[in-house]
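S.K.: can't give you the sequence, but here's the structure:
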Ligand SMILES: [Zn+2]
């Protein structure tokens, strides 16, 4: 369907269980525009090389700061001289999160979660491995803002801010054809990871649910997500995601009837996770715990420098 509007999907493999990311390229207002780039890696480079050779890429739009979308932006910018566009919020996170200072703070944060030292070391090794997957950093020349109109192929899309999966995430919507580039806000098959990360958004799950309600009003018919295949009817998937989080909140509330650490709650919510997934699992458990705290269903306190959460 996208090809009739002059938009091409470029699927780039990822070395994770979620094994690919969908990027897009189309004619923009002044040369080609790219939407998301993949990780900085050999595999990504080899996929973009012939596309860069054939096309005059003028603009690179990054939907959010996560490495699978943002990581190759700097390299692609170097190759093409293109301008890079991001939301201010996610540019700030993307350009600092994988730095040394930020990773040091992250280690401290993990200590307050009640994680065993060995697991913290494994998590930090995994996190540190991402620095090379996002460098070189792009120079972000332009800010993407709510309501901005973007020509992409034959269609004009409106930027809609949808914080939750990341603080500055946005989706692109074309009303006339009812097409939504949902990025990682609405995914089929998996529930997008919603992580609390100790700084930034104090209640990302609330933001995510609010963003889902906002997009539900569009009643978008054709959804092009950043992972998996396109699907129809955004609203039925939105309802499933809302139900999923309501269930998870109920279960999280049950888990803290007795005081529990973040690590204990994570292990009860998620089984069979590898080290890479553990990072998302901890963030997601925290997002649910902090939602309960914000809604006065739960309180938290430090005991021996470790957070304890307890239902009220
Ligand atoms: Zn993603």
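M.R.: Looks like it arrived, so ask away. What you see is a predicted model; the values in this text were computed from it and never measured.
S.K.: which of the residues in the lengthiest helix in the chain are buried?
M.R.: For the chain, the longest helix by residue count, based on DSSP state H, is helix 234-255. The neighbour-count check on helix 234-255 (16 or more other Cβ atoms under 10 Å) flags 234, 235, 237, 238, 241, 245, 248, 249, 252, 253, 255 as buried. Glycine gets a C-beta too; all of them are placed from N, C-alpha and C.
S.K.: contacting residues for the residue nearest to residue 88 when sequence neighbours are not counted?
M.R.: Closest residue in space to residue 88, ignoring its immediate chain neighbours: residue 143 at 5.1 Å, by Cβ to Cβ, 6 or more residues apart in numbering. Contact analysis of residue 143 by Cβ atoms under 8 Å, 6 or more residues apart in numbering lists 85, 86, 87, 88, 91.
S.K.: which of those sit farthest apart?
M.R.: 85 and 88 (10.8 Å; Cβ to Cβ).
S.K.: higher neighbour count, those two?
M.R.: residue 85 (23 against 12; other Cβ atoms under 10 Å).
S.K.: Is that one in contact with residue 142, as I believe?
M.R.: Yes: between residue 85 and residue 142 there is a contact at 4.3 Å, judged by Cβ atoms under 8 Å.
S.K.: interface residues of this protein facing the ion?
M.R.: 68, 184 (Cβ under 5 Å from the ion).
S.K.: let's see it at 8 Å
M.R.: Within the chain, the positions near the ion by Cβ under 8 Å from the ion are 18, 21, 64, 66, 68, 69, 165, 183, 184, 226, 227.
S.K.: which one of these is nearest residue 51?
M.R.: Taking Cβ to Cβ as the measure, residue 51 sits nearest to residue 21 out of the residues of the chain next to the ion, at 15.0 Å.
S.K.: host element of the closest residue in space to the closest one that isn't next to it in sequence?
M.R.: Distances taken as Cβ to Cβ, 6+ apart place residue 68 nearest to residue 21, at 4.5 Å, with adjacent residues excluded. Assigned by DSSP states H and E, residue 68 belongs to helix 67-70.
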